[in-house]
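Student: here are the coordinates; sequence isn't available:
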């Protein structure tokens, strides 16, 4: 199970996350492209760090919502959303090429990620955008009960999906994440490690209603915003290595 983490989310003099501490412990870095966080200097630094630790790089595009950190939904047309994605992906890919790196996948951020998982037409637009981008890129989306359907749609357009699960979030019965506004939606350390162990042992999670849900996940999303988060990533990495 590969670990992925959202990185490069600082902007100017504003610092977000502990990228230097996270990078040595993950396999995939989802790097902000400037629309919700990140700037030219932050992108260059994050790419250099990924190169140093041989971490796979992905674009982490969002709605054009810098002030709201990409957490606010926006009503974009299909053309606007496609151009929004291409603009950000191209920026990160270009910066990566400067350092001799190859961009390999795209993982939408925040409200855009949530919206596309809730709206089949929007997900189709995102898949089409990746399919029509000149470089062959994979797309990372949430592993849900509709994963087989999503995989089939993407495959028909020549796009390979990376299905991800979340270590720290509680699930609904259909495989979506429980809203952060609800109590217990974000796991404590004990529940988090139990969920990771269950995912690794039989590819399932226990939902909020106490049902067993099978998830065919290829990657696990982790967060390194503070020292406790870094310690948890180390624990999760140890569990993954022991399961190999």
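Tutor: That came through, no problem. The structure displayed is predicted, hence computed values, not measured ones.

Student: what segments of the protein are helices?
Tutor: Along the chain, the segments classed as helices by DSSP state H run 19-22, 40-52, 78-98, 110-118, 120-131, 147-156, 189-202, 227-243.

Student: could those go into CSV alongside distance to residue 64, mean pLDDT and mean neighbour count?
Tutor: All C-beta atoms are positioned from the backbone trio N, CA, C, and that covers glycine. Output for the helices of the chain, formatted as CSV (distance: least, Cβ to Cβ, whole Å; pLDDT from 0 to 100; neighbours: other Cβ atoms under 10 Å):
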stretch, distance to residue 64, mean pLDDT, mean neighbour count
helix 19-22, 23, 94, 19
helix 40-52, 16, 98, 17
helix 78-98, 6, 98, 17
helix 110-118, 10, 95, 19
helix 120-131, 15, 97, 19
helix 147-156, 25, 96, 15
helix 189-202, 32, 93, 16
helix 227-243, 28, 90, 15
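
Student: residue 124 and residue 217, how far apart?
Tutor: Using Cβ to Cβ, to the nearest Å, one obtains 22 Å as the distance from residue 124 to residue 217.

Student: residue 110 contacts residue 36, doesn't it?
Tutor: Yes: with contact defined as Cβ atoms under 8 Å, residue 110 and residue 36 form a contacting pair (6.2 Å).

Student: quick check: neighbours shared by those two?
Tutor: 62, 63, 65, 69, 70, 71 (Cβ atoms under 8 Å, 6 or more residues apart in numbering).

Student: quick check, central residue of this protein?
Tutor: With distances taken as Cα atoms, centre = their mean, residue 107 lies nearest the centre of the chain, 4.8 Å away.

Student: tell me the pLDDT at it?
Tutor: Model confidence at residue 107, expressed as pLDDT, equals 98.

Student: how far away is it from residue 59?
Tutor: When distance is defined by Cβ to Cβ, residue 107 is 7 Å away from residue 59.

Student: now the helices of the chain in TSV, with distance to residue 170?
Tutor: TSV is the format used below for these (distance: least, Cβ to Cβ, whole Å):
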stretch	distance to residue 170
helix 19-22	23
helix 40-52	29
helix 78-98	29
helix 110-118	15
helix 120-131	22
helix 147-156	19
helix 189-202	8
helix 227-243	16
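
Student: ok, which of those comes nearest residue 29?
Tutor: Relative to residue 29, the nearest member of the helices of the chain by Cβ to Cβ is helix 40-52, separated by 4.8 Å.

Student: ok, and what's touching that closest one?
Tutor: When contacts are defined by Cβ under 8 Å, 6+ apart, helix 40-52 is touched by residues 7-11, 19-20, 23, 29, 31-34, 38, 55-57, 91-92, 95-96, 98-101.

Student: with stretch 163-171 instead?
Tutor: Taking Cβ under 8 Å, 6+ apart as the criterion, the residues outside stretch 163-171 that touch it are 4, 107, 140-143, 147, 151, 177-178, 184-187, 192, 195-196, 199, 205-208, 213, 215-223, 232, 236.

Student: measure it end to end?
Tutor: End-to-end distance for stretch 163-171: 15 Å, by Cα to Cα, to the nearest Å.

Student: what's the answer for stretch 94-104, then?
Tutor: From the first residue to the last, stretch 94-104 extends over 13 Å; the measure is Cα to Cα.

Student: please tell me how far that stretch is from the chain's geometric centre.
Tutor: What separates the centre of stretch 94-104 from the centre of its chain is 19 Å, taken as Cα atoms, centre = their mean, to the nearest Å.
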